[in-house]
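3D model of this:
(chains A and B)
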Amino acid sequence: MRQSQLFYKTFREAPKDEESLNAKLLIRAGFIHKEMSGVWSYLPLGLIVLRKIEETIREEMNKIGGQEIFMSVLQPKDLWIKTGRWSKGVGEIMYKCQGVGKEVGLGSTHEEMITDIARKFIQSSEDLPLYLYQIQTKFRKELRAKSGLLRGREFGMKDLYSFHASEKDFKKYYETVKKSYLKIIKKFGLNAIITEASGAGFTKEYTHEFQVLADNGEDTIIFCPKKDFSQNKEITKLKAGQKCKKCKSILKEGKSIEVANIFPLGTKYSKAMGAYFIDKDGKKKLIIMGSYGLGPSRLMGAAAEVNNDKKGIIWPERIAPYQIHLILAKSQNSKVKKEAESLYENLQKEGLEVLYDDRIGKSTGEKLVEADLIGIPIRLVVSEKTLAKDSIELKKRSEKEARFIKKKELLLFLKSK
RNA sequence: CGGAGCGUAGUGUAAUGGCAGCACGAGUCCUUCGGGAGGAUUUAGCCCGAGUUCGAAUCUCGGCGCUCCGACCA
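Predicted coordinates for the structure are as follows:
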């Protein structure tokens, strides 16, 4: 992509009413645009990042047997009445159908719908286990949206639902999802701690939150530095300073961002909605369910919140909008431009993702500062200096020092990644 | 939903009752040419409504919006 053609704009200063770091950085670098509190639009750079996050999640979900579906945002009211959640006002946003004049739900979560689908398709133990997921926009009645992408009223959610014939089978899959989630989150440059939390109306047991330590997080956890233990402060009876029961490490307290939450639903929804299957023994039994949420937009916010320095964002490779930022330094010598153009063509031929700053009016300094703000992992510069050395300058966003590298070696280096 | 703060060009800021100004951005021209360059020139603004006043960006009331703290977060 030629930067001269890219729809974006960076800003020297963030809007004064944004306080959270992720919002400041993502707005300044031209990734997102706020429509209203808790509601964001994604500009080209931001959308690429969001799509990469979704794609990473999709790959991993498919690996653990997930099949992708896409449920509707508008949901029939009667399903919600069955589970008693319509009148409770537990977050569903009513939507008056224009013209029709009837109330329908605007999807805040999809347990009701998925169970409705499942009870129609699951008939015997032969149909189990079953893993269905979707990547969807959710709408929630957040009384207080805040912290940039970290808590929105409209946001992306990957929700996976599992259906099992036995508790044993459910527990096994629950552990599989835990491992898968840790793996996914790590690819976004984040280190999650699996944290026990309240059942939150879903279950009497613990649910599990995936918490990423960050000063701007809205949760507080008491955790073991070796990850042998972690509980949300809301429910824990332990305090920082006490010893971990498993490994005897001193427990710590920290602010954290909840990037995912998984729930053992048991038979709560299958019971409320009559989702049964015929087991091998010929008996009619309730389907055992789990639900597993992971938020792509919140993950994008968390990734920016955690991976940055004073100059800007430092995107982890897997979700960076481009892998390489090629910069044409300002020069009177037309050979410099020729060299950069030909390098751009070559890198593209190799199938590498390149953002090429081909703008001719901009000073080199401005380009470098802007590149740091945008945060692409590898920066290449073509200038009079590099031309004289018959090489290209290479610098990783995560490292301080740049180095010069011969063109042939450069391609090998980049392809090896 | 309770509490606090804030709403002035695209962004950041000044003017505290008397001609809305500055910087960045954006446009044009010249110079500069590796860490948001310099000069010239152009562009663009008082959240909405009511009130007080000779006169309101400024004071009062109402509304709307944003941020932060708290409650809530299925």
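
report the contact partners of A:A240.
A:222, A:250-253 (Cβ atoms under 8 Å, 6 or more residues apart in numbering). Where you see a C-beta, it was placed from the backbone N, CA and C, and this is true even at glycine.

go on, A:A118?
A:130, A:132, A:161, A:163, A:270, A:275, A:287.

columns neighbour count, distance to A:K204 and secondary structure on top of the contacts of A:A240, output as TSV?
Output for the contacts of A:A240, formatted as TSV (neighbours: other Cβ atoms under 10 Å; distance: Cβ to Cβ, whole Å; DSSP: H, G, I helix; E, B strand; the rest coil):
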residue	neighbour count	distance to A:K204	secondary structure
A:I222	23	21	strand
A:I250	11	31	strand
A:L251	22	25	coil
A:K252	15	28	strand
A:E253	15	26	strand
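
end to end, how far does stretch A:238-256 reach?
Using Cα to Cα, to the nearest Å, one end of stretch A:238-256 lies 17 Å from the other.

taking the contacts of A:A118 together, which two end up most distant?
A:L132 and A:S270 (14.2 Å; Cβ to Cβ).

what residue in the stretch 301-417 of chain A comes nearest to RNA strand B?
Residue nearest to RNA strand B within the stretch 301-417 of chain A: A:G365 (2.2 Å; Cβ to the nearest atom of the strand).

so that residue belongs to a helix, correct?
Yes. Counting by DSSP: H, G, I helix; E, B strand; the rest coil, A:G365 falls inside a helix.

mind listing what the residue in the stretch 151-300 of chain A positioned nearest to RNA strand B touches?
Closest residue of the stretch 151-300 of chain A to RNA strand B, Cβ to the nearest atom of the strand: A:A200 (3.2 Å). Counting by Cβ under 8 Å, 6+ apart, A:A200 makes contact with A:207, A:263.

shouldn't A:N261 be within a strand?
Yes. Assessed with three-state DSSP, A:N261 lies in a strand.

was I right about it contacting A:A197?
Yes. Using Cβ atoms under 8 Å, A:N261 makes contact with A:A197 at a distance of 7.3 Å.

find residues that contact each of the two.
A:207-209.

RNA strand B contacts on the stretch 301-417 of chain A?
A:311, A:329-332, A:363-366, A:368-370, A:372-373, A:381, A:383-386, A:393, A:395, A:402 (Cβ under 7 Å from any atom of the strand).

from these, list just the buried residues.
With neighbours counted by 16 or more other Cβ atoms under 10 Å, these contain buried members at A:329-331, A:368, A:370, A:372-373, A:381, A:383, A:386, A:393, A:395.

sorry, back to before: out of the shared contacts of A:N261 and A:A197, which touch RNA strand B?
Near RNA strand B, by the rule Cβ under 7 Å from any atom of the strand, you find none of the shared contacts of A:N261 and A:A197.

so when I look at A:N62, I'm seeing a helix, right?
Yes. Counting by three-state DSSP, A:N62 is located in a helix.

got a list of what the residue lying closest to it once chain neighbours are set aside touches?
Nearest residue to A:N62, sequence neighbours excluded (Cβ to Cβ, 6 or more residues apart in numbering): A:E68, at 7.5 Å. By Cβ under 8 Å, 6+ apart, the contact list for A:E68 reads A:58, A:61-62, A:132-135.

ranges for the helices of chain A?
Under the criterion DSSP state H, chain A contains helices at A:21-28, A:44-63, A:77-83, A:111-121, A:167-187, A:268-273, A:296-306, A:334-349, A:364-374, A:384-388, A:407-415.

buried stuff in the last one?
The one in question is helix A:407-415. A:410-411, A:414.

helix A:334-349 and that one, what's the angle between them?
If you take axes from the mean of the first three to the mean of the last three Cα atoms, to 10 degrees, helix A:407-415 sits at 40 degrees to helix A:334-349.

give me the helices and strands touching helix A:407-415, please.
Secondary-structure packing of helix A:407-415 (3 or more Cβ pairs under 8 Å, 6 or more residues apart in numbering; DSSP states H and E): helix A:334-349, strand A:392-396.

could you identify which of those is most buried?
Burial of the helices and strands packed on helix A:407-415 is given as mean neighbour count (mean count of other Cβ atoms under 10 Å); strand A:392-396 ranks first at a mean of 19.

could you list the low-pLDDT ranges of chain A?
A:88-101 (pLDDT under 70).

could you chop chain A up by domain?
Using automatic domain parsing, the domain parsing of chain A gives A:21-71+A:110-309, A:322-415.

most neighbours per residue, which of these?
domain A:21-71+A:110-309 (a mean of 19).
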